[in-house]
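[1] sequence? don't have it. structure:
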Ligand SMILES: Nc1ncnc2c1ncn2[C@@H]1O[C@H](COP(=O)(O)OP(=O)(O)OP(=O)(O)O)[C@@H](O)[C@H]1O
């Protein structure tokens with residue numbers, strides 16, 4: 001039976017295939033997956049020897065790499081936070097998260113697993129190296145690029161024997177016009193192979209594509225698509241950009257898959273062909289979700305985002321005989337008059353959707369609501385990791401009049417100091433070695449008209465704090481390398497898990513900047529202090545498995561209420577996600593048996609600990625319990641801090657802080 005490309009070939013079969021390949025130059029049909037066989041054949045064409053070394057493989061100098069990074073500025077900027085997130089998921093498992101461009105040039109690596117990074121560097125798996133098939137033989141990055149599809153390449157499936165210690169999963173990333181931009185990859189020691197890695201890397205690629213689409217088409221006419229109504233507005237949704245005369249001008253991979261379109265259809269298909277609806281009826285329905293019938297299968301959910309262009313003008317939407325890119329042949333003959341100025345553009349109440357009954361959190365939401373459309377009042381969100389600061393910032397944007405303008409999020413802790421200035425403020429063509437010849441507008445300007453969310457503002461380097469302050473005072477940005485200042489208008493929301501007043505006292509945050517940021521300070525309560533845990537659990541289960549009506553048994557809810565939850569909602573959401581995955585098909589009740597081992601152990605530590613606190617215990621008891629929990633998790637992870645932090649749902653830095661180190 002042919003072997004699927006997304007699972008590794010069993011060891012005996014791959015040994016047999018390699019023997020056949022070396023002896024006869026062919027492999028019996030079905031012994032390895034078709035794409036692998038095709039790739040091995042390409043490698044032979046390239047003149048590669050399975051036992052040889054890559055001869056003359058290029059390696060970019062640091063100036064060349066800087067140029068490539070600047071050229072793919074948007075891809076890298078959107079990929080970095082996603083890579084940091086993926087890295088958290090795989091930390092401690094001997095692996096690296098990598099980003100390559102469309103030529104296989106490795107642009108960025110995330111992961112500090114030193115022993116594995118050293119071994120990877122020995123086969124040049126590090127930024128600057130080129131991992132196209134031509135130079136490195138069959139490998140997930142090069143083969144995903146060659147096939148234009150997600151790929152797992154495991155152990156002996158690598159064409160070059162020297163790469164046989166690796167297991168790699170990669171997924172291509174395309175921009176909204178369907179152009180292949182690069183590949184996201186997780187590479188690790190083959191003994192650590194995990195069948196979920198491909199799904200992880202595919203989701204990561206989807207997240208990046210979602211961001212790329214939003215930054216390009218977010219303020220234009222587009223539709224959101226998902227198989228479930230709750231999926232609309234999430235990073236898993238399909239997105240389709242439409243021209244005002246009814247052509248599909250952009251799409252992410254999710255939309256192409258949902259609609260059975262190909263990248264070639266972008267710029268060549270009409271909305272009618274893509275959705276089975278004409279533009280007039282789409283516009284007439286407005287932005288309320290609607291179900292799109294799909295033959296025998298469940299309907300597809302669709303929500304129109306009218307976009308500012310249509311809403312601003314009362315222009316007549318006129319048909320065109322040719323698609324905008326003039327690449328297709330479809331004729332579109334209906335003339336659609338869009339009463340564009342009348343299109344409803346009400347924001348949806350995303351803040352209300354976050355209210356699950358806790359009085360303290362509700363008070364936060366109410367105060368946030370009061371300043372929604374008062375952008376002159378900057379908002380500062382403070383709260384422990386995972387309390388929902390990011391979610392609240394997005395909900396504020398979605399509930400405001402600016403909801404159809406860009407929401408630009410920058411994590412100040414995730415950007416290297418050297419890049420953050422260009423990233424935020426933009427640069428003129430040729431502003432520095434390696435700068436793109438087109439320059440870049442910078443994130444502040446991208447947020448024009450919308451919301452700028454600066455996460456972990458406490459980690460912004462001091463030198464840049466002065467520049468940011470100037471922008472906030474003057475409301476204009478001057479790009480690096482000179483040129484005229486450009487006026488900017490954004491609503492500013494900042495967040496930090498640190499107490500920023502302490503950062504000011506320690507001299508790490510400028511006092512004058514602090515007072516500029518803190519128009520309204522909102523402090524999000526930690527999960528252990530929230531009184532709505534049962535409702536939150538129900539909400540999270542509903543989001544995780546909308547069609548299964550799941551619930552958590554009463555004993556477990558009681559135990560949850562006693563937990564200190566150092567990773568807050570992120571940790572609870574992750575625990576429930578695991579539980580849903582472990583629950584038998586037909587079952588609907590989650591019990592302790594479905595929980596991850598370390599959480600189960602911690603529940604008992606909490607209950608068995610002498611003087612275990614009740615839900616309303618004093619803060620000191622809670623701190624002790626947290627410490628007991630941390631010690632138990634560390635012990636269960638055999639002292640591996642990365643693994644323990646992952647299980648607790650907190651960052652390693654937070655864990656070190658809790659341990660009193662660093
Ligand atoms: N009100 C909520 N309802 C459902 N899920 C939530 C809620 N708040 C937070 N979450 C979950 O917790 C996760 C973490 O939330 P978020 O990223 O907003 O926290 P944060 O405070 O910004 O964390 P960090 O400080 O680590 O960046 C989210 O991905 C989501 O799964």
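    Cool, the structure landed. This structure is a prediction, so every number in the text was calculated from the model and none was measured. Numbering: from 1, shown residues only.
[2] alongside the ligand, which residues does the chain contribute?
    Near the ligand, the residues belonging to the chain are 354, 383, 385-391, 455, 497, 539-540, 569-570, 573 when assessed by Cβ under 6 Å from any ligand atom. To be clear about C-beta, it is placed using only N, CA and C from the backbone, and glycine gets the same treatment.
[3] for residue 180, give me its contacts.
    102, 145, 148, 172-174 (Cβ atoms under 8 Å, 6 or more residues apart in numbering).
[4] any chance of a markdown table for the residues you listed, columns secondary structure?
    Output for the contacts of residue 180, formatted as a markdown table (DSSP: H, G, I helix; E, B strand; the rest coil):
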| residue | secondary structure |
| --- | --- |
| 102 | coil |
| 145 | helix |
| 148 | coil |
| 172 | strand |
| 173 | strand |
| 174 | strand |
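[5] which helix runs longest in this protein?
    helix 197-217 (DSSP state H).
[6] elements contacting it?
    Using 3 or more Cβ pairs under 8 Å, 6 or more residues apart in numbering; DSSP states H and E as the contact definition, the elements that helix 197-217 packs against are helix 73-90, strand 166-174, strand 180-189, strand 238-242, strand 248-251, helix 253-259.
[7] residue 234 against residue 227, yeah?
    No. Using Cβ atoms under 8 Å, residue 234 is not in contact with residue 227; the gap is 11.6 Å.
[8] of those two, which one has the most company?
    Per other Cβ atoms under 10 Å, whichever of residue 234 and residue 227 has more neighbours is residue 227, with 16 against 12.
[9] mind listing the residues bridging to residue 105?
    residue 130 (DSSP bridges).
[10] quick one: it and residue 60, what's the gap?
    Distance of residue 105 to residue 60, computed by Cβ to Cβ, to the nearest Å: 6 Å.
[11] those two: who's more crowded?
    Per other Cβ under 10 Å, whichever of residue 105 and residue 60 has more neighbours is residue 105, with 24 against 18.
[12] contacting residues around that one?
    Contact analysis of residue 105 by Cβ under 8 Å, 6+ apart lists 60, 65, 68, 128-131.
[13] same question for residue 579.
    Applying Cβ under 8 Å, 6+ apart, we find residue 579 in contact with 552, 590, 594-596.
[14] what number of residues lie near the residue in the chain that the ligand sits nearest to?
    Per Cβ to the nearest ligand atom, residue 388 is where the chain lies closest to the ligand, at 2.9 Å. Applying other Cβ under 10 Å, we find 20 residues neighbouring residue 388.
[15] touching, it and residue 354? I think so.
    Yes. Residue 388 lies in contact with residue 354 (Cβ under 8 Å); the separation is 7.3 Å.
[16] just the buried ones among the residues of the chain next to the ligand, please.
    Buried subset of the residues of the chain next to the ligand (neighbour count, 16 or more other Cβ atoms under 10 Å): 354, 383, 385-390, 455, 497, 540, 569-570, 573.
[17] show me those that map onto helices.
    Short answer: these in helices (DSSP H) are 354, 389-390, 540, 569-570, 573.
[18] where's the dip in pLDDT among the contacts of residue 105?
    Model confidence across the contacts of residue 105 bottoms out at residue 68, which has 83.
[19] and that residue, what does it touch?
    Going by Cβ under 8 Å, 6+ apart, residue 68 touches 60, 101, 105, 107.
[20] which of the helices or strands spans it?
    Using DSSP states H and E, residue 68 sits within helix 62-71.
[21] and the angle for that helix with helix 73-90?
    100 degrees (axes from the mean of the first three to the mean of the last three Cα atoms, to 10 degrees).
[22] thinking again about what came up before, pLDDT-wise, what's the bottom of the contacts of residue 579?
    residue 596 (83).
[23] not counting sequence-adjacent ones, nearest residue to that one?
    residue 578 (5.0 Å; Cβ to Cβ, 6 or more residues apart in numbering).
[24] in a strand, that neighbour, correct?
    No. Applying three-state DSSP, one finds residue 578 to be helix, outside a strand.
[25] show me what contacts it?
    Contact analysis of residue 578 by Cβ under 8 Å, 6+ apart lists 594-596.
[26] contacting residues for the residue nearest to residue 48 when sequence neighbours are not counted?
    Ranked by Cβ to Cβ, 6+ apart and with sequence neighbours excluded, the top spatial neighbour of residue 48 is residue 137, at 5.1 Å. Counting by Cβ under 8 Å, 6+ apart, residue 137 touches 43, 46, 48, 50, 54, 158-160, 163.
[27] for stretch 154-162, measure first residue to last.
    The stretch stretch 154-162 measures 13 Å between its terminal residues, going by Cα to Cα, to the nearest Å.
[28] where does residue 120 fall, phi/psi-wise?
    Dihedral pair for residue 120: phi -60, psi -40, per degrees, to the nearest 10.
[29] could you list the low-pLDDT ranges of the stretch 301-450 of the chain?
    For the stretch 301-450 of the chain, applying pLDDT under 70 flags the ranges 308-347, 415-418, 428-440.
[30] all strands for it, in order.
    Remark: strands assigned in the stretch 301-450 of the chain by DSSP state E, counting those that start in this stretch are 379-382, 407-411.
[31] partner strands of the last one, with direction?
    Going back to what we said before, that points to strand 407-411. Strand 407-411 is paired, per DSSP bridges, with strand 451-455 (parallel).
[32] could I get the average pLDDT for the partner strand?
    Across strand 451-455, pLDDT averages out at 93.
[33] what's the distance between the helix or strand following that strand and the middle of its chain?
    As assigned by DSSP H and E, the chain's next helix or strand after strand 451-455 is helix 462-474. Chain-centre distance of helix 462-474: 28 Å, with Cα atoms, centre = their mean, to the nearest Å.
[34] check which helices and strands the following helix or strand past helix 462-474 sits against.
    Moving toward the C-terminus from helix 462-474, the next helix or strand (DSSP H and E) is strand 476-477. The helices and strands touching strand 476-477, judged by 3+ Cβ pairs under 8 Å, 6+ apart, are strand 486-487.
[35] before we move on, back to that, from the residues of the chain next to the ligand, which is closest to residue 419?
    When the residues of the chain next to the ligand are ranked by distance to residue 419 (Cβ to Cβ), residue 455 comes first, at 15.8 Å.
[36] could you report the distance from that closest one to residue 270?
    For residue 455, the distance to residue 270 - Cβ to Cβ - is 40 Å.
[37] ok, now which ones touch residue 540?
    Taking Cβ under 8 Å, 6+ apart, one finds 572-573, 576 in contact with residue 540.
[38] determine which two of the ones in helices among the buried ones among the residues of the chain next to the ligand are furthest apart.
    389 and 540 (17.3 Å).
[39] grab the nearest non-local neighbour of residue 271.
    residue 246 is the one closest to residue 271 (Cβ to Cβ, 6+ apart), at 4.8 Å.
[40] correct me if wrong: that neighbour contacts residue 275.
    No. The pair residue 246 / residue 275 is not scored as a contact, 10.4 Å apart, by Cβ under 8 Å.
[41] and these two? Which one has more around it.
    residue 246 (25 against 21).
[42] dump the contacts of residue 540 into CSV; add pLDDT as well.
    Rendered in CSV, the data for the contacts of residue 540 read as follows (pLDDT from 0 to 100):
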residue, pLDDT
572, 93
573, 91
576, 92
